[in-house]
Structures are given as C-alpha cells and as structure tokens.
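[1] got a predicted model here, sequence first, then my questions.
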Amino acid sequence: MKSYKIGLIKGDGIGPEIVDEAIKVLDAISVSQGFNLKYEEMLLGGAAIDEAGVPLPEETIQGVKKCDAVLFGAIGGPKWDGLERHLRPESGLLGLRKVMGTFANLRPAIVYDELINASSLKPEVVKGVDIMVVRELTGGIYFGEPREICSDRAFNTMVYTKEEVRRIAIVAFDIAMKRDKRICSVDKANVLEVSQFWRETVEEVSKDYPEVDLSHMYVDNAAMQLIREPKQFDVILTGNIFGDILSDAASMLSGSIGLLPSASIGNKVGLFEPIHGSAPDIAGQGIANPLATISSASMMLRYALGEIESADKIDGAIKKALREGYRTGDIGDYDAKEICTCSEIGDIVANYSSK
Ligand code: IPM
Ligand code: MN
C-alpha cells in the first residue's frame, strides 16, 4: 500500500479546528482509496512562540524536509501583535515559505453554482467564474533588501531577479496549457522598473508557449476588472504583494474567503493552506468554515501526491454538500437547508468523499 508522510501545522485561532476536519476527510478518502497517510505535527506562528519562543522553530524547518507534503491551517492573533517583527507569527510563515522554496502560490477562485447568491456581486457577473491566480511567493517587496525603519523614514525594496520571474512565469504557462490557455500578467510597469523587467521577462518566456494568449494589465486596472467582469480572466500571473491583494479580492467573487484553498509549490515539498487567516474572533466556537482547508487537502492530493481520483472525489463531495444546502454560518444566509458546525460539515464531506 502506498504511504505518504504529511506534515501538519495547525497553527493559531481557528487553525486547529479546520485542520482537524481536513484530517477527517483525508482519513476517510485514504481508507476508501487504499493508501496510507502518516501525520507529523509541527509548530509555527503563535503556537510556536508560546512553546519554543520563536515563530519558526528549527525542528519545523528540519521536519518539513522529511515530508511528502505539508498541510497548514492559519497563524496569528492579537496575543502576538505587539511582538517585534521578526518574532511575529507572520514572520514564521514567510520564513517557512522561503526555506521550503515554495515560490509558486496557486490560488484558484472558483464560484460554486450552488452559492451563486452568496457573492456580493450580481449572479450573472460571477456565474461560471474560474480563475487561477499564480502568485510569486518568495520574492518581491516581501523579501527585498534593504528593509529598515529609521527614526525619520522607513523603507522596503521591491526586487525581482530574472530567474525568479522566469520560473514563476513557467509555472503559470504550464498551468495555462492545461486550462483555457490565457494568461493575464499583472504589474505596475507604467511606474515601476521592477514591473517593466517583469513584463519583458514574461514576454520572453511566452515565446516557448505559442499557444498561450498572453496579455498584460496594470494592477489598479486588474483590481477594477476583477469586480467589473471577472469572467475575462483565466490565469492571472503576478508578483508577491499584488498577488496577495488580488487573491483576497478574487476570493470574494465566490461569496466567502472561507471557501478557497491554495497550494504553494516549486520545490520538493509543497505547502497547502486556506487563503484565509486565523479568525481569532471566532476561534474555539466550532463555527469556522473548514471547506477552504478541506479543498487545500484536495490540492495536496492532486499536486503533491498525484492522488487525482481522491482529489476529484473530495471536490465532488464539497459541491454535493453545498448543493444539498449544508452551510456553515459565513454562508448561512444563502439557500441553506441546515446551518452546520465546523465538525458537522467535516463529517458530511468525509462521508460523501468516501462513497
Ligand atoms: C497570505 C497572508 C500572508 C501573506 C501573511 C499572513 C504573511 O496574507 O497568505 O495571503 O501576506 O502572504
Ligand atoms: Mn493575504
């Protein structure tokens, strides 16, 4: 029987609750499909600060290297907000992405027909939306040097090397080849040198993909177009900070940020996490929406383990649960038959997945 080692980072806030539901679904699918998952829990973020004094302990850095994939919940919370930047939970996550070399962050924004009324936009605008945001994750202004706060000014640096742009562009083109073969590369080339360089480099890579239709858009316009006519997009390729912002905006097309997963790949071991945060305000109440994390587990099966059939079954189970009207509170106002707790929706999806 095939066996995989999965690193589990539950994190802070609602992290433990939502990861537990993803494990429930993974356990069900692995039994029904006949493979074995071994889990190893690791610390990151606030939980790591409390336990080990740092947001990214050495054991976690070493631990993830020995896994086939890592499933992650969320980190952060008011308890740790006052700490110095390098000790904050977010620094742990950024450091983990960097040491894992997961430079490509895939953030699908899909609108489930079943939830068409949950979006803040009109149904005809969002029906059928299926966008893949490909966000560069280990470069750009998030990591650029120098960075400093001085007494009278502060600065960060937006920097991209040729190789960094090339490799993320290749990921986006490869994905586009499996989809509708359209890429919109988003930058701010009318103002920033680094964006002009980004654009030229993406153009170079596109020569190897003559079938893919490449266009470019400034980020301010892209933000507007995402709300105006989201169906014009297939793959959006962009840098770290623009991708952070645009993927949050894109997530609301679907009605709730609690629905959307992400995969961070590029090196040997991938990191799979919901795109939402740790929601400290609702932590521990059992009302969080675990579907984004369950979807992330499905992306892990698809992209890291090659268990495509299992991933398809989980995706189908999520759709079925939504179609039948099972909802957590965040989407409870829309065509709900029953408002479920985090654990109840996990049970339902686990049950449907293994059928
Ligand atoms: C995300 C988050 C992170 C980011 C934070 C928590 C560091 O917003 O994954 O989108 O900015 O990348
Ligand atoms: Mn973000």
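    Thanks, I have it. Ligands and ions are numbered 1, 2, ... in the order given.
[2] could you pick out the residues of the stretch 51-200 of the chain near ligand 1 for me?
    Residues of the stretch 51-200 of the chain lying close to ligand 1 (Cβ under 6 Å from any ligand atom) are 90, 93, 94. C-betas here are computed from N, CA, C, even on glycine.
[3] hang on, the first one packs against residue 76?
    In this case it means residue 90. Yes: using Cβ atoms under 8 Å, residue 90 is in contact with residue 76, at 6.0 Å.
[4] scan the residues of the stretch 51-200 of the chain next to ligand 1 and report the most crowded one.
    Among these, residue 93 has the most neighbours (other Cβ atoms under 10 Å), with 22 neighbours.
[5] spit out the contact partners of residue 22.
    Neighbour list for residue 22: 71, 290, 293, 294, 296, 297, 346 [criterion: Cβ atoms under 8 Å, 6 or more residues apart in numbering].
[6] what residues are shared contacts of residue 90 and residue 76?
    Common neighbours of residue 90 and residue 76 (Cβ under 8 Å, 6+ apart) are residue 45.
[7] CA-only coordinates of the helix or strand hosting residue 223 in PDB, if you can.
    For residue 223, the host element (DSSP states H and E) is helix 219-228. C-alpha atoms of helix 219-228 as PDB (Å, rounded to 0.1, in the frame of the first residue of the first chain):
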ATOM      1  CA  VAL A 219      -2.600  46.200 -11.100                       C
ATOM      2  CA  ASP A 220      -5.000  49.000 -10.400                       C
ATOM      3  CA  ASN A 221      -7.000  48.200 -13.500                       C
ATOM      4  CA  ALA A 222      -6.800  44.500 -12.700                       C
ATOM      5  CA  ALA A 223      -8.400  45.200  -9.300                       C
ATOM      6  CA  MET A 224     -11.200  47.000 -11.100                       C
ATOM      7  CA  GLN A 225     -11.700  44.400 -13.800                       C
ATOM      8  CA  LEU A 226     -11.900  41.600 -11.300                       C
ATOM      9  CA  ILE A 227     -15.000  43.200  -9.900                       C
ATOM     10  CA  ARG A 228     -16.300  44.500 -13.200                       C
END
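[8] beyond it, next helix or strand please.
    Counting by DSSP H and E, what follows helix 219-228 is strand 235-238.
[9] what are the contacting residues of that following strand?
    131-136, 168-169, 172, 175-176, 179, 182-187, 202, 219, 222, 243, 246, 250.
[10] now, those that are in helices?
    When DSSP state H is applied, those are split such that 168, 169, 172, 175, 176, 202, 219, 222, 243, 246, 250 fall in helices.
[11] let me know how buried the closest residue in space to the last one that isn't next to it in sequence is, in neighbour terms.
    Leaving aside its sequence neighbours, residue 250 sits nearest to residue 109 (Cβ to Cβ, 6 or more residues apart in numbering; 3.8 Å). Number of residues near residue 109 (other Cβ under 10 Å) recorded here: 26.
[12] do residue 190 as well
    9.
[13] that one: which element?
    With DSSP H and E as the test, residue 190 turns up in no helix or strand.
[14] tell me the pLDDT at it?
    Looking at residue 190, its pLDDT reads 98.
[15] use 22 as the first number for this chain going forward.
    All set: I'll call the first residue 22, so the last point we hit is now residue 211.
[16] from what I can see it touches residue 239, true?
    Yes: under the contact definition of Cβ under 8 Å, residue 211 touches residue 239, with a separation of 6.0 Å.
[17] where along the stretch 72-221 of the chain do the strands fall?
    Under the criterion DSSP state E, counting those that start in this stretch, the stretch 72-221 of the chain contains strands at 90-95, 125-131, 151-157, 169-170, 175-176, 203-208.
[18] single out the most deeply packed of those.
    strand 90-95 (a mean of 28; mean count of other Cβ atoms under 10 Å).
[19] for that strand, packing partners?
    strand 23-32, helix 36-54, strand 291-295, helix 312-320 (3 or more Cβ pairs under 8 Å, 6 or more residues apart in numbering; DSSP states H and E).
[20] switch the cut-off to 10 Å
    If you count contacts as 3 or more Cβ pairs under 10 Å, 6 or more residues apart in numbering; DSSP states H and E, strand 90-95 packs onto strand 23-32, helix 36-54, strand 56-62, helix 79-86, helix 110-121, strand 282-286, strand 291-295, helix 312-320.
[21] export it to PDB, keeping only CA atoms.
    The C-alpha coordinates for strand 90-95 follow below in PDB (Å, rounded to 0.1, in the frame of the first residue of the first chain):
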ATOM      1  CA  ALA A  90       3.700  17.500   1.700                       C
ATOM      2  CA  VAL A  91       2.600  19.900   4.500                       C
ATOM      3  CA  LEU A  92      -0.900  20.800   5.300                       C
ATOM      4  CA  PHE A  93      -1.300  24.100   7.200                       C
ATOM      5  CA  GLY A  94      -4.200  25.900   8.900                       C
ATOM      6  CA  ALA A  95      -3.600  29.500   9.800                       C
END
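[22] mind listing the strands it pairs with, and their directions?
    Using DSSP bridges, the strands paired with strand 90-95 are strand 23-32 (parallel), strand 291-295 (parallel).
[23] please parse the chain into its domains.
    The chain breaks down into these domains under automatic domain parsing: 22-123+283-376, 141-275.
[24] among the ones you listed, which comes closest to residue 135?
    Counting by Cβ to Cβ, residue 135 lies closest to domain 22-123+283-376 out of the domains of the chain; the figure is 4.0 Å.
[25] who's in contact with the residue of the chain found nearest ligand 1?
    Proximity of the chain to ligand 1 (Cβ to the nearest ligand atom) peaks at residue 111, 4.0 Å away. Shown in contact with residue 111 (Cβ atoms under 10 Å, 6 or more residues apart in numbering): 66, 76, 96, 97, 101, 102, 298.
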